[in-house]
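Enquirer: Sequence and predicted model, in that order:
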There are 2 protein chains.
Amino acid sequence: MIPRSARQLSENHAGKPLEYLSFATKRHAMPDVQTPSPAPDLLIHARWIALAHCETLLEHHAIAISNGRIVDILPSHVARERYDAKETVTLAEHLLIPGLINLHTHAAMSLMRGMADDIPLMRWLRDYIWPVERALISPEFIRDGTRLACAEMLLGGVTCFNDMYFFPHDAAESAVELGMRAVLGVTVLEFPSGYASDAADYLDKGLAALDAWRGHPLVKFCLAPHAPYSVSDASFEKIQTLAAQLEIPVHLHIHETADEIRQHLEEHGCRPLHRLDRLGLLGPQLIGVHAVHLLDDEIATLARNSCNVAHCPTSNLKLGSGIAPVAEMLVQEINVGLGTDGATSNNRLDLFAEMRLASLLVKGKSGDASLVPAWKSLQMATLAGARALGLEREIGSIEIGKYADLTAVRFDTLELSPCFDPISHLVHCAGRENVSHVWVQGRCCVFDKTLLHHENANLKNNARLWHNRIVSYLKLDSV
Amino acid sequence: MIPRSARQLSENHAGKPLEYLSFATKRHAMPDVQTPSPAPDLLIHARWIALAHCETLLEHHAIAISNGRIVDILPSHVARERYDAKETVTLAEHLLIPGLINLHTHAAMSLMRGMADDIPLMRWLRDYIWPVERALISPEFIRDGTRLACAEMLLGGVTCFNDMYFFPHDAAESAVELGMRAVLGVTVLEFPSGYASDAADYLDKGLAALDAWRGHPLVKFCLAPHAPYSVSDASFEKIQTLAAQLEIPVHLHIHETADEIRQHLEEHGCRPLHRLDRLGLLGPQLIGVHAVHLLDDEIATLARNSCNVAHCPTSNLKLGSGIAPVAEMLVQEINVGLGTDGATSNNRLDLFAEMRLASLLVKGKSGDASLVPAWKSLQMATLAGARALGLEREIGSIEIGKYADLTAVRFDTLELSPCFDPISHLVHCAGRENVSHVWVQGRCCVFDKTLLHHENANLKNNARLWHNRIVSYLKLDSV
């Protein structure tokens, strides 16, 4: 039986390190971990620690970290006797959770945040997003935009993001500069942009970036064909072969709007998922983004093929796409992670908001207030994202052997008083504004609400410069 | 033609005070205002000011305030020449909006925040809410709970709340102590509580409180029959008579869940709205809370009778009630304000979250991303609330003659960069964490994110004490 409360754990196991809590995840065994050294690099004591993978809340425990990995999880009083760490951080009124994983975004679009709100989807794309992307996208745009997005995400407790955009090499540079973990998309489209000319060119450039970053601990790649309506059969076939060879995920928009399905029916004689199935795209490597409009048998197909879904609740509402059938997907044990989408369709890169909204929408749509309870929301925002990315051996939960990607949420504010259940509080009450500390691979990126590896003023100034270029280009009546 | 942008205004009218912007609201003329004195009590310069009533954004303007009321709105450079105010506040990177109005809450339930999440409605009420209310509700509970709620709301930019709970006299004391405006409910139920024994007793006690607070500038009262399923015909008739005599609103839960409608059909042979109509309750004095389950002809009935609706989007999702037909109500010009509901069913008393969610849900449900644009959301959270409460001559918009209930939102943070449209940013991007200053009736209650009229530590300590009593009473396995 899995111990459910901190009290049970402390009573039963006080004084013993909690190695038995390191459950192996579904697909892989855990990496081997050396016996912890008596002098770990970092010891974090926390009032509460959320072991999301086994729905266990530890109280007054500590995490020992060496070489970026978690090497021990044990009661604080035992840790104080056992370890003489190089650095110790005490989080007296905090909940420590796995770093949040943003399973779908277009990070550099942060520079267009709020450029075109409350506008129907096709006008939004045609009159605003595409023109700006055609005219202004450049390595500099990507660097400045990704920096801004990473800063916002880190401050909000997100430690890893799955990106689909242009110039992935530059996006990776920006993420690493701020100390953030990133999975970059080898984006593929049939039409030209400021980045590439055709599908082959997109693939060449993306794969070159992938090669350049091979082996980097913070940077991984996905193949990222944009969507069934913007990628040809031939390209999909190439992508499927590459995904199998490289053993990396395929990150793809699917069934976002009713319109795109109608159009696909006209052009291809079938719904998009049917075509993807025929092309062999459906499998555990697939991260299907949005998945709003699904027939019952399509949900079954996704489940049977062990596909992953990146649920983006805010974006789906804001663009008028609809509400994804998340309850139905979860019943069929589809692995559903959470994404913010880009800052033009959200406009917060805020996984706290997505955790809460994911839980609320399922309850409101189904009429059952007990669905997607708080632990489930937290799992969607952490371990489910890691699984979808094929990184569940490395990140997504607080387990011995995994990287120390950690987020601390400070609970002693009055809007979080009183606190009956920290996990429920985390999802239904806390916000990203309550994040105090963030570590990525054991390295502190946010300390006491302050971003450590970049100068805020530059981020804002650069955003202002790009704002002015966009306003001038689109002739907007902006402030 | 109403000027739509700050630029237009500044170009056309620079140097002239903007009295012409003081549009009278629908039902009443504006109160007479004396010619502004050359020494107002307070002059607030702001980068942007949102005149929500006429969808106009002013840039680099100032508001002059005397005796708690707005006496002038004019370009900053003119204000500097014209006025020598006793106090001047400059908000260089802020948007100034009307103080937000929370049109439905049970403030003191903040002490039960998060006590019972992810639980179906009837179990939630029967096993958690009602037992605690029966056992622990007292004047002290109400005072401590209302203080905590007011502190949270003020810090989040809410300047006025419409309350339905017990011991309204004590709730009023707490609100006034923190400097907040409150509309207290003369709650009526047929069954006993720790506060009153039967409907007559509830009415007596509530009306005594109303009499005691008559004439207080910050405190008003509503009649608050709990719901059609908990109030008898005889009580409704008394309430209707009183509402007409006292000229105050009637604050009432309606059609929150499908179950309550089914049950009402069984017991009364009709749906609740039909019975309310027969009893004469439908009219411009009615604030119908939730209104989730409405037939088309019921929406028409609400519209024809000029009823108001308090939309509580988070609460309706969290308790599994559903999504209210807000788009349909707005088409029929029903006055729809926003409420958080109590902290047990939300759990944030956060009108920024409700503004955003109200806009998102309408877009997602209708498939039309242009519905409930940002200005409309802001109006729902301000002027619509004031109208529902019969206070539209006094609050709800930034107009000469109205009380200076104002909220400043600081826009120079990196998660709000860049900024193309401050109003869209306010709704889709900003959060209550960006609120910097709050004034109620010209008196500063929050300055630079700090609550001025109460000591935070006490609020948190008291919340902890009540937490312990609740845990002990319910024998909860809480932290």
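Expert: Perfect, thanks for sending it. Numbers count the residues shown, from 1 in each chain, chains lettered A, B, ... in the order given.
Enquirer: Tell me the pLDDT of the closest residue to chain B within the stretch 151-300 of chain A.
Expert: As assessed by Cβ to the nearest Cβ, chain B sits closest to residue A:152 within the stretch 151-300 of chain A, at 4.7 Å. Quick note: C-beta positions are derived from backbone N, CA and C, even for glycine. On pLDDT, residue A:152 comes in at 98.
Enquirer: pull the longest helix from chain A.
Expert: Of all the segments assigned as helix in chain A under DSSP state H, the longest by residue count is helix A:456-474.
Enquirer: Quick one, grab the pLDDT at the closest residue to residue A:187 other than its chain neighbours.
Expert: Spatial nearest neighbour of residue A:187, chain neighbours left out: residue A:224 (4.7 Å); criterion: Cβ to Cβ, 6 or more residues apart in numbering or on different chains. In this model, residue A:224 is scored at 98, pLDDT.
Enquirer: returning to that earlier point: ok, the residue of the stretch 151-300 of chain A closest to chain B to residue B:142 distance?
Expert: According to Cβ to Cβ, to the nearest Å, residue A:152 and residue B:142 sit 40 Å apart.
Enquirer: repeat for residue A:372
Expert: 33 Å.
Enquirer: Residue A:55 now?
Expert: Relative to residue B:142, and taking Cβ to Cβ, residue A:55 is found at 36 Å.
Enquirer: swap in residue A:158?
Expert: 40 Å.
Enquirer: The two: which is more packed in?
Expert: residue A:158 (31 against 26; other Cβ atoms under 10 Å in any protein chain shown).
Enquirer: list the contacts for that one?
Expert: Neighbouring residues of residue A:158 by Cβ atoms under 8 Å, 6 or more residues apart in numbering or on different chains: A:99, A:100, A:101, A:102, A:180, A:349, A:351, A:407.
Enquirer: Check residue A:343 too.
Expert: Residue A:343 neighbours (Cβ under 8 Å, 6+ apart): A:109, A:110, A:112, A:113, A:114, A:149, A:349.
Enquirer: Now the closest residue to it other than its chain neighbours. Its backbone dihedrals?
Expert: Nearest residue to residue A:343, sequence neighbours excluded (Cβ to Cβ, 6+ apart): residue A:113, at 3.9 Å. Dihedral angles of residue A:113 (phi, psi; degrees, to the nearest 10) stand at phi -50, psi 120.
Enquirer: And for residue A:440?
Expert: According to degrees, to the nearest 10, residue A:440 has phi -120, psi 120.
Enquirer: if I read this right, it contacts residue A:99, doesn't it?
Expert: Yes - the pair residue A:440 / residue A:99 is scored as a contact, 6.6 Å apart, by Cβ atoms under 8 Å.
Enquirer: nearest to chain B, of the contacts of residue A:343?
Expert: The closest of the contacts of residue A:343 to chain B turns out to be residue A:114 (Cβ to the nearest Cβ; 4.9 Å).
Enquirer: Identify the residues contacting the closest one.
Expert: Per Cβ under 8 Å, 6+ apart, neighbours of residue A:114: A:343, A:344, A:347, B:418, B:419, B:420, B:421, B:424, B:425, B:428, B:429.
Enquirer: Can you tell me the element the nearest residue to residue A:93 once chain neighbours are set aside falls in?
Expert: Spatial nearest neighbour of residue A:93, excluding adjacent residues (Cβ to Cβ, 6+ apart): residue A:412 at 3.8 Å. According to DSSP states H and E, residue A:412 maps onto no helix or strand at all.
Enquirer: can you list the domain ranges for chain A.
Expert: Per automatic domain parsing, the domain ranges recorded for chain A read A:42-98+A:398-448, A:100-388.
Enquirer: Any idea which of these gets closest to residue B:261?
Expert: Using Cβ to Cβ as the measure, domain A:100-388 is the one of the domains of chain A that comes nearest residue B:261, at 13.1 Å.
Enquirer: which one in chain A is furthest away from the centre?
Expert: residue A:81 (36.4 Å; Cα atoms, centre = their mean).
Enquirer: returning to what we had before: what sits in contact with each of residue A:440 and residue A:99?
Expert: With Cβ under 8 Å, 6+ apart as the test, residue A:440 and residue A:99 both reach A:159, A:160, A:181, A:405.
Enquirer: Tabulate those (CSV), appending secondary structure and distance to chain B.
Expert: Below are the shared contacts of residue A:440 and residue A:99 laid out as CSV (DSSP: H, G, I helix; E, B strand; the rest coil; distance: Cβ to the nearest Cβ, whole Å):
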residue, secondary structure, distance to chain B
A:159, strand, 17
A:160, strand, 18
A:181, strand, 20
A:405, coil, 21
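Enquirer: Then residue A:185 would be within a strand, right?
Expert: Yes - according to DSSP: H, G, I helix; E, B strand; the rest coil, residue A:185 belongs to a strand.
Enquirer: That one - nearest residue in space that isn't next to it in sequence?
Expert: Using Cβ to Cβ, 6+ apart, the closest residue to residue A:185 is residue A:224 (2.8 Å).
Enquirer: Now do the phi/psi pair for that neighbour.
Expert: Torsion angles, degrees, to the nearest 10, at residue A:224: phi -130, psi 70.
Enquirer: okay but it is in contact with residue A:164, surely?
Expert: Yes - at 4.4 Å, residue A:224 counts as touching residue A:164 under the criterion of Cβ under 8 Å.
Enquirer: what's the overlap in contacts for the two?
Expert: A:185, A:187, A:251.
Enquirer: Can I get these in TSV including neighbour count?
Expert: Output for those, formatted as TSV (neighbours: other Cβ atoms under 10 Å in any protein chain shown):
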residue	neighbour count
A:185	27
A:187	25
A:251	31
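Enquirer: hmm, back to that, nearest to residue B:90, of the contacts of residue A:114?
Expert: For those, the minimum distance to residue B:90 (Cβ to Cβ) is 18.6 Å, reached by residue B:419.
Enquirer: Okay then, goodbye and thanks.
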